[in-house]
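Asker: Quick one, what's the 3D model for this:
(one chain, ligands or ions: 1)
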Amino acid sequence: MKEGLFFTKLENNEVRCELCPHLCRLKNGQTGICHIRKNIGGILYSSVFGKAIASHIDPIEKKPLFHVAPGSASFSVATAGCNFNCQFCQNHDISQVKNIADIENYGREMPPEKIVENAALHHCQSIAYTYTEPTIYFEYAYETAKLARKKNILNVFVTNGYINPEPLKLISPFLDAANVDLKSFHENFYRKLVGGKLAPVLETLKLMKEFNIWIEVTTLIIPGENDSTNELEQLARFIKNELGEETPWHISRFYPQYKLSNYPPTPITTLERAFAIGKDAGLYHVYMGNVPGNETESTFCFNCNKMLIRRHGYQIVNMEIDEGKCKFCGAECYGIRM
Ligand code: SF4
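Answerer: Below you'll find the predicted structure:
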């Protein structure tokens, strides 16, 4: 147990956690919506600090981050828990652990120093805080990120964006990039299928831009829930107008799972429609995810339209970028360590 950051003591030993927009008010002994932050005697504690439930060496492309050190390895870690309860979660076995006793015994000891040591040992250019939700293990990610920065290792979040501005501001000097799930442009979707609100996610995205964090956006397209032309246009317009035309948009194919196992997979025609909407909105880079072998998983120069990075799945087959510039026309290829 480690004392948490961002909480206020209230009367009768109650506390309010101010890490994420849920702002859980907890009586002595209670845990928050994320199930991993607990009030013990009027102090808020994190029950997952230093306890990695998963750690793998992944291609950075798997996050997906296509414009951050392409072709490099990313040391990827997670703890149990999440502040959302997505009905379509791919990792619900580790994100939705509800019993704090299980959580305290879950995962193996891996202090921040060990994560950084492992990342360096395996020549990873980045540490990815991923699989579940890094916001809820903020203290662990923050301590690790500060150490990683000293070793010139990048820090990247794969996140739902449900974090309050103050914690985001604190970690922002050490956070190089984030892939943010923008799951829908409707509050109703967030209420019904996620257990959160849209507005704070939009705020997080704008703040990340302001803090100079490289952003890539992912939208999982679920048939009948967020696939209308109108909604896809709203999403694409928001990315273009608020985050910039250079911000990559990953539109990802849904496969039936967890509580939405009765839904069909996203038709390819829907993804093609979303792709066209993104390009029509003026986005430089739109990628179709979970559709192996499609040409949109490669990166094209926004200026001359030549192929700059040929990908096959998560593998880089060929790169035509020289010091962050297109080898053909010299236009900038936006991102980090391109
Ligand atoms: S981080 Fe957890 S305890 Fe804190 S407000 Fe969010 S859900 Fe509640």
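Asker: Which neighbouring elements make contact with the strand or helix carrying N230?
Answerer: Here N230 sits within helix 229-238, counting by DSSP states H and E. Contacts defined by 3 or more C-beta pairs under 8 Å, 6 or more residues apart in numbering; DSSP states H and E place helix 229-238 against helix 268-280. For glycine as for every other residue, the C-beta is placed from the backbone atoms N, C-alpha and C.
Asker: For I136, see how far away R311 is.
Answerer: Distance of R311 to I136, computed by C-beta to C-beta, to the nearest Å: 31 Å.
Asker: Next, count neighbours for E246.
Answerer: Neighbour count for E246, taken as other C-beta atoms under 10 Å: 17.
Asker: Confirm for me that it is in contact with Y284.
Answerer: Yes: between E246 and Y284 there is a contact under C-beta atoms under 8 Å: 5.4 Å.
Asker: Between these two, which contacts overlap?
Answerer: Both E246 and Y284 are contacted by F302, Y334, under the criterion C-beta atoms under 8 Å, 6 or more residues apart in numbering.
Asker: Name the nearest residue to the residue in the stretch 101-250 of the chain positioned nearest to the ligand, ignoring sequence neighbours.
Answerer: Taking C-beta to the nearest ligand atom, the ligand has its nearest neighbour within the stretch 101-250 of the chain at I136, 4.9 Å off. Leaving aside its sequence neighbours, I136 sits nearest to C34 (C-beta to C-beta, 6 or more residues apart in numbering; 4.2 Å).
Asker: Hmm, the one you found is touching P134, no?
Answerer: No: if you go by C-beta under 8 Å, C34 and P134 don't touch, sitting 11.5 Å apart.
Asker: what do these two both touch?
Answerer: Counting by C-beta under 8 Å, 6+ apart, nothing touches both C34 and P134.
Asker: Can you give me the domain assignment for the chain?
Answerer: 2-46, 51-297, 298-338 (automatic domain parsing).
Asker: can you list the weak-confidence ranges in the stretch 101-250 of the chain?
Answerer: 101-106 (pLDDT under 70).
Asker: Which residues of it lie near the ligand?
Answerer: I136 (C-beta under 6 Å from any ligand atom).
Asker: Can you show me the strands along the stretch 101-250 of the chain?
Answerer: Ranges of strands in the stretch 101-250 of the chain, per DSSP state E, counting those that start in this stretch, are 108-109, 126-129, 154-159, 177-181, 214-221, 249-253.
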